[in-house]
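*Asks:* sequence unknown, structure follows:
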């Protein structure tokens, strides 16, 4: 009797695991419907039908791709991928399927053109950016202290018809204490973030995301004009830098403020040791050696920090509408 009991348990266990394996890799054909092609997992989207008639589901975080009438449906190997029918494979996020002689995945062209501004611009200058240069979004520099430039830039951009506006701040871990220095809140990550958010709120500055600059000098920042150090952008040790970043992120989360990280491959490695603990946070990366208005460079060897899909790319600086700006591109979801 005990033998029959344990044999029954074993058969049940075997069936469950076989079903799990079948569910993940071999869902069979069902009629092509409105959920065909690539469908995100939402609480268990049916990805086919078992031979025994039971529905199959993609695992959490996966996508469901339609193969063909013979092979039916398949779950993508990783989150964010979409199935490309002509190649019987999955394109990474940021790419779309295309039928061509070489059956390649093609970069997503759904992008927005923007600028990062660090000077005060008039309404007419913002209108020039929007109408003549087709600028769709701007990121405004907060610099080290709250000033009228950020208030006026926000107001002028909106009056010019640009409503997609983010804020960019430059944290620093230690001030030299000079009275004329704008970096008066260095060294206290909670105060840096709180002062920024309070200043924006008190002056009715409406914005989307706060971008944290994880760039700059490691150790003392030397002013190239005076030859004297004004501040310390980052500590010499990676551990201290990560702790500082963690504290800024903590207060942003407490305030429920959307945020992202701005960096480049070299400085991210130098400041954080190329940590991958922040790769779920939106990334704005800089690559001034690549002026293309796409993200191919990132997917072709420039990636860092564990980010699979960056949000914004910064290319080169230029004079646009009589103002010096940095050119940026936003990759649409």
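*Replies:* That came through fine. As the structure is a computational prediction, the values presented were derived from the model and not from experiment.

*Asks:* Now do the phi/psi pair for residue 331.
*Replies:* The phi/psi pair for residue 331 (degrees, to the nearest 10) reads phi -90, psi 120.

*Asks:* where does the stretch 51-200 of the chain have low pLDDT?
*Replies:* Residue ranges of the stretch 51-200 of the chain with pLDDT under 70: 51-109, 143-147, 176-185.

*Asks:* any chance you could map the strands in it?
*Replies:* Here the stretch 51-200 of the chain has its strands, by DSSP state E, counting those that start in this stretch, at 55-57, 63-68, 72-75, 82-84, 89-91, 95-97, 105-107, 111-117, 137-143, 164-169, 174-175.

*Asks:* and residue 131, how many neighbours does it have?
*Replies:* Per other Cβ atoms under 10 Å, the neighbour tally for residue 131 reads 12. To be clear about C-beta, it is placed using only N, CA and C from the backbone, and glycine gets the same treatment.

*Asks:* typo on my end, it should be residue 162
*Replies:* 20.

*Asks:* gap between it and residue 212?
*Replies:* Distance of residue 162 to residue 212, computed by Cβ to Cβ, to the nearest Å: 22 Å.

*Asks:* what's the closest non-adjacent residue to residue 275?
*Replies:* Of all residues beyond its chain neighbours, the one nearest residue 275 is residue 242 (6.2 Å), with distances taken as Cβ to Cβ, 6 or more residues apart in numbering.

*Asks:* That neighbour sits in which helix or strand?
*Replies:* helix 238-254 (DSSP states H and E).

*Asks:* Now do the buried residues in that helix.
*Replies:* Going by neighbour count (16 or more other Cβ atoms under 10 Å), the buried part of helix 238-254 is 238, 241-242, 244-245, 247-249, 251-252.

*Asks:* Name the residues that touch that helix?
*Replies:* With contacts defined as Cβ atoms under 8 Å, 6 or more residues apart in numbering, helix 238-254 is touched by 171, 173, 189-190, 192-194, 210, 212, 214, 234-235, 259, 271-273, 275, 277-278, 281.

*Asks:* among the residues you listed, which ones are buried?
*Replies:* In those, burial by neighbour count holds for 171, 173, 189, 192-193, 210, 212, 214, 234-235, 259, 271-272, 275, 278, 281, counting by 16+ other Cβ under 10 Å.

*Asks:* Going by distance to residue 154, which of those residues wins?
*Replies:* residue 210 (13.2 Å; Cβ to Cβ).

*Asks:* Show the contacting residues for the closest one.
*Replies:* By Cβ under 8 Å, 6+ apart, the contact list for residue 210 reads 166-169, 193, 196-197, 252, 257-260.

*Asks:* No further queries at this time; thank you.
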